[in-house]
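K.L.:
sequence and predicted structure are below.
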Amino acid sequence: MTTRPNPQSKAFARYVTTSATKAGFNMSGDGKAKLAEAAGMSEADIAKILNGVFDIPSDPLKPLADALDVGQKELLRAAEVIDDKPARAGTRPISVQLAAQRLGIKSPKNVELFQILVTALVDAEKRR
């Protein structure tokens with residue numbers, strides 16, 4: 001991961017900070033460490049994300065999706081990472097951590113990479 005800031009990383013930092021605060025993590029106290037633990041990530045990577053210097057991969061599944069002539073969202077749907085069903089009232093969508101677990105991704109580094117990948121894909125879909 002690189003330490004050069006870019007506009008995507010800064011926007012991602014704002015999003016994560018806002019979401020973490022809404023989820024109850026105190027970003028001015030020990031909440032960063034608790035967020036890192038909850039996410040299965042290192043505190044250093046959480047710090048990079050929150051400081052806007054985390055290198056976000058752009059469309060990492062695009063070459064595979066293009067080769068298969070399907071959308072990136074379709075790849076994640078086939079892996080049962082996402083679905084198009086609306087969330088039931090009072091329920092939350094599946095977390096990336098749970099998706100990784102269900103897919104048998106166990107290595108902390110691979111879970112971290114999977115989370116980065118899913119985040120990048122979700123952001124790419126929002127920009128469509």
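P.N.:
Sure thing, it's come through. Remember, predicted model here, so these are calculated numbers, not experimental data. Numbering: from 1, shown residues only.
K.L.:
helix, strand, or coil at Ser28?
P.N.:
What DSSP: H, G, I helix; E, B strand; the rest coil gives for Ser28 is coil.
K.L.:
count of residues packed around it?
P.N.:
The local packing of Ser28 (other Cβ atoms under 10 Å) involves 7 other residues. Where C-beta positions appear, they are placed from N, C-alpha and C, glycine not excepted.
K.L.:
same question, Lys109
P.N.:
Neighbour count of Lys109, defined by other Cβ under 10 Å: 11.
K.L.:
ditto for Ala11
P.N.:
By the measure other Cβ under 10 Å, the count of residues near Ala11 is 13.
K.L.:
which secondary structure element contains the residue nearest to Gly71 when sequence neighbours are not counted?
P.N.:
Distances taken as Cβ to Cβ, 6 or more residues apart in numbering place Ala65 nearest to Gly71, at 5.9 Å, with adjacent residues excluded. Taking DSSP states H and E as the criterion, Ala65 maps to helix 62-68.
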